[in-house]
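Enquirer: one predicted model, sequence on top.
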Amino acid sequence: MNAISPAVQQTFNDEIDLAALFHSLWEQKLLIALVTVLVGMAAAAYAFLVTPEYQVQSVLRPAAIKDLDALNRTDVYKLSPAQALKRVGAAMESYDSRQEFFRANQGLFEALRQPGRSLEQTFESFNQEAFKMLQPDPKKTEKLSGYVGIQLTYPKDVNGVALVNGLVEHAVQSERKRISSDLETVIQNRLNQIELKIAAARANYEASKEARIATLIEADSLKRAKLRDELKALRQQLKTHRDNRITQLDEAIRIAKALGINKPTTPSALGEGERMAQGSVIRTEVNNQQIPLYFMGSEALEAERNALLQRRSDDFTEPRIAQIAKELQLLEHNRQIEVLNQRENEDLFLKGQAIWREEATRLRNIQVDVSDLKLVSIDQTAVEPSQPVKPKKALILALGLVLGGMLGLFIALLRNLLRRKSSAIAPA
């Protein structure tokens with residue numbers, strides 16, 4: 001009846017052990033409190049003695065379209081607000097840009113100097129650890145517009161506000177200089193391209209002009225040669241006609257003399273021995289056949305032959321010869337060739353010259369004040385922080401107290417365990 005079950009006995013023993021444990025810990029409450037206070041004091045010492053670190057940031061957003069309108073209206077250099085923001089952000093992230101800013105403002109980094117290390121080495125370490133780029137998460141779509149920012153964590157003695165704002169301004173100025181250089185280069189390249197086009201057009205014009213002159217000269221030479229050949233052929237033809245006429249006249253003169261025809265007569269009149277003494281007789285002879293040449297009489301024929309023998313030129317007998325002489329005279333001077341050779345400003349005749357000159361004038365007159373170009377809109381400038389981000393004193397102190405309490409409990413439990421083992425070994 002008085003027997004106690006094993007489960008109940010075990011529960012009773014556990015309750016006794018737990019009570020003994022709490023009693024033992026309570027007896028060591030001073031130790032636990034002391035350890036807690038010591039660890040808390042160590043945490044407080046760290047929190048108050050460690051060099052505080054501050055954090056500042058600057059956020060940039062795209063500029064308005066009107067701010068870049070003067071640059072885009074040049075039709076030479078196109079830059080959207082998003083592209084401008086990206087370029088400024090890349091300049092802020094660029095190591096070369098940061099190093100250039102460091103070299104120009106070494107006084108801002110003097111507080112970072114460490115013994116045994118050069119200022120450049122100190123900047124190298126500071127650049128890797130202190131700067132952080134701020135960009136929107138591409139996975140999140142709740143952002144209404146893009147932005148680029150830079151965040152700086154720095155120790156107390158460093159002027160972080162001047163560093164961040166100076167770096168942002170340096171990046172903007174650097175991009176302005178780059179855009180100005182790019183704009184000048186693009187304009188100069190286009191002007192060079194126009195000059196090349198003009199030079200090519202000028203060379204083409206010169207070649208075309210020389211070819212045109214050569215063609216005209218060749219055509220004139222060919223025409224002149226043909227006219228001279230025609231003139232020579234005509235003169236030879238006229239001479240042959242004259243010689244043939246003289247031969248005909250010689251033959252007719254012999255016939256006329258043989259017939260005793262000295263004066264011009266007709267075949268019908270030749271048959272009459274003499275004329276009638278009385279009255280006048282008028283004869284009309286109708287004959288469809290050509291009257292032989294000797295009927296002209298030897299006197300007329302000899303007169304014509306003598307005239308032909310004394311002739312020095314037959315040119316007047318052919319109108320075409322005078323026309324050929326006129327054409328040859330005109331060919332002595334080609335007025336079109338003279339006009340081509342007398343052109344003073346030959347660039348006026350270049351194809352596309354007006355368009356190229358207009359474009360070159362427009363490019364030379366492009367004036368964009370890049371120094372005042374607003375590439376980005378500064379949404380947030382770096383301002384002096386009201387408190388450091390490191391160390392977080394309250395959190396460190398709380399963690400120190402919690403860890404101290406846990407360490408005190410651990411020590412107390414360890415002492416209790418060692419006591420129990422000692423008491424268990426003592427009777428033996």
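Expert: It's in.
Enquirer: packing partners for the helix or strand hosting L417?
Expert: Assigned by DSSP states H and E, L417 belongs to helix 393-425. When contacts are defined as 3 or more CB pairs under 8 Å, 6 or more residues apart in numbering; DSSP states H and E, helix 393-425 sits against helix 6-27, helix 29-49. Where you see a C-beta, it was placed from the backbone N, CA and C, and this is true even at glycine.
Enquirer: was I right about L375 contacting K86?
Expert: No: in this structure, L375 is not within contact of K86 by CB atoms under 8 Å, at 10.3 Å.
Enquirer: which one of the two is surrounded by more residues?
Expert: Comparing L375 with K86 by other CB atoms under 10 Å, the one with more neighbours is L375, at 25 against 15.
Enquirer: state the pLDDT value of the residue nearest to I65 when sequence neighbours are not counted.
Expert: Excluding the flanking residues, the one nearest I65 by CB to CB, 6 or more residues apart in numbering is P81, at 6.4 Å. Looking at P81, its pLDDT is 91.
Enquirer: residues in contact with the residue lying closest to I366 once chain neighbours are set aside?
Expert: Of all residues not flanking I366 in the chain, T74 sits nearest, at 5.2 Å (CB to CB, 6+ apart). Applying CB atoms under 8 Å, 6 or more residues apart in numbering, one finds that T74 lies in contact with L183, I366, V368.
Enquirer: now these in CSV, please, with extra columns for pLDDT.
Expert: Formatted as CSV, these follow (pLDDT from 0 to 100):
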residue, pLDDT
L183, 90
I366, 88
V368, 85
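Enquirer: now the phi/psi pair for the residue nearest to I366, please.
Expert: When read as degrees, to the nearest 10, the backbone of T74 gives phi -70, psi -20.
Enquirer: next: P155.
Expert: phi -70, psi 170.
Enquirer: all the strands of the protein, in order from the start?
Expert: Under the criterion DSSP state E, the chain carries strands at the ranges 53-62, 131-134, 148-155, 376-380.
Enquirer: just so I know, which of these lies nearest Q114?
Expert: strand 148-155 (11.3 Å; CB to CB).
Enquirer: pull that closest one out as PDB, backbone CA atoms only.
Expert: The C-alpha trace of strand 148-155 is given here as PDB (Å, rounded to 0.1, in the frame of the first residue of the first chain):
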ATOM      1  CA  VAL A 148      21.700  56.900 -58.100                       C
ATOM      2  CA  GLY A 149      23.200  57.600 -54.700                       C
ATOM      3  CA  ILE A 150      26.400  57.300 -52.800                       C
ATOM      4  CA  GLN A 151      26.700  56.500 -49.100                       C
ATOM      5  CA  LEU A 152      29.800  57.100 -46.900                       C
ATOM      6  CA  THR A 153      30.600  55.700 -43.500                       C
ATOM      7  CA  TYR A 154      33.500  57.600 -41.900                       C
ATOM      8  CA  PRO A 155      35.200  58.100 -38.500                       C
END
